[in-house]
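Trainee: Structural data only, the sequence is not supplied:
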Ligand code: GLN
């Protein structure tokens, strides 16, 4: 199995470490040539979604990534990555627009802009969740399943093989979210 991690800006390293820990190899996508291989899954990490979206265009990665997502590559999108996938971004630009949700950027306000909690993730159980200037999902649309909510706000969804979360599973010791993502890929290969 080979996983591509978008690495133009933000937190790709923590995802790479997780995958290495779980014995899975990955390619960090920094330029167009990095997309030449064939991948079984794609990770869109956290960071700054506006900067990431700009770099994706500038580095000419957009068409290829969007096509792979539309063609059904499994995607794990965390925080800024979730914003890149969302069909509608409250007060911001959409990027890939393949995940039928409306998200709100920096949605937790100043006091709560970064926090840690534990909440139930559908199919997994209670998992630690680290939020850093996180978006939340204001609305889910056709066929999009809610996987987790925190304080009444939707924090994780699945739409087919696209997984979007407003927190950072790569920052906690718990590996079950990455494991579940990799298992969902294994059942397809
Ligand atoms: N606030 C960032 C954004 O709007 C997301 C933060 C994160 O990825 N930790 O893009």
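Mentor: In hand now; what should we look at? All of these numbers come straight from a predicted model, not from anything done at the bench.
Trainee: Am I right that residue 101 is in a strand?
Mentor: Yes: under DSSP: H, G, I helix; E, B strand; the rest coil, residue 101 sits within a strand.
Trainee: That one bridge partners, please.
Mentor: residue 140 (DSSP bridges).
Trainee: I'd guessed it sits against residue 142; true?
Mentor: No: taking contacts as C-beta atoms under 8 Å, residue 101 lies outside contact range of residue 142: 10.4 Å. (C-beta placed from N, C-alpha, C; glycine too.)
Trainee: Which one's more surrounded, the two?
Mentor: Applying other C-beta atoms under 10 Å to residue 101 and residue 142 shows that residue 101 carries more neighbours, namely 24 against 6.
Trainee: Could you check how far the residue nearest to the spatial centre of the chain is from residue 8?
Mentor: Computing the C-alpha centroid of the chain and ranking residues by C-alpha atoms, centre = their mean puts residue 77 first, at 0.7 Å. Distance of residue 77 to residue 8, given as C-beta to C-beta, to the nearest Å: 14 Å.
Trainee: What of residue 121?
Mentor: 28 Å.
Trainee: Check residue 128 too.
Mentor: From residue 128 to residue 8 the distance is 27 Å (C-beta to C-beta).
Trainee: try residue 16
Mentor: Counting by C-beta to C-beta - residue 16 and residue 8 are separated by 14 Å.
Trainee: ok, now residue 142?
Mentor: 30 Å.
Trainee: Could you double-check that residue 114 sits in contact with residue 106?
Mentor: No: in this structure residue 114 lies outside contact range of residue 106 using C-beta under 8 Å: 10.9 Å.
Trainee: Compare the two and say which one has the larger neighbour count.
Mentor: residue 106 (14 against 11).
Trainee: what pLDDT does that one get?
Mentor: On the pLDDT scale, residue 106 is placed at 87.
Trainee: coming back round to it: overlap of the contact sets of residue 114 and residue 106?
Mentor: Overlap of the contact sets of residue 114 and residue 106 (by C-beta atoms under 8 Å, 6 or more residues apart in numbering) consists of residue 133.
Trainee: Tell me the bridge partners for the nearest residue in space to residue 43 that is not next to it in sequence.
Mentor: In this structure, residue 43 finds its nearest non-sequential neighbour in residue 5, 4.5 Å apart by C-beta to C-beta, 6 or more residues apart in numbering. With DSSP bridges as the criterion, residue 5 is bridged to residue 28, residue 43.
Trainee: you'd agree residue 5 is up against residue 14?
Mentor: No: using C-beta under 8 Å, residue 5 is not in contact with residue 14, being 9.9 Å away.
Trainee: Residues that sit against both of those two, list them.
Mentor: residue 45.
Trainee: More neighbours: which of these two?
Mentor: Between residue 5 and residue 14, counted using other C-beta under 10 Å, residue 5 has the larger neighbour count: 27 against 18.
Trainee: Perfect, that will be all.
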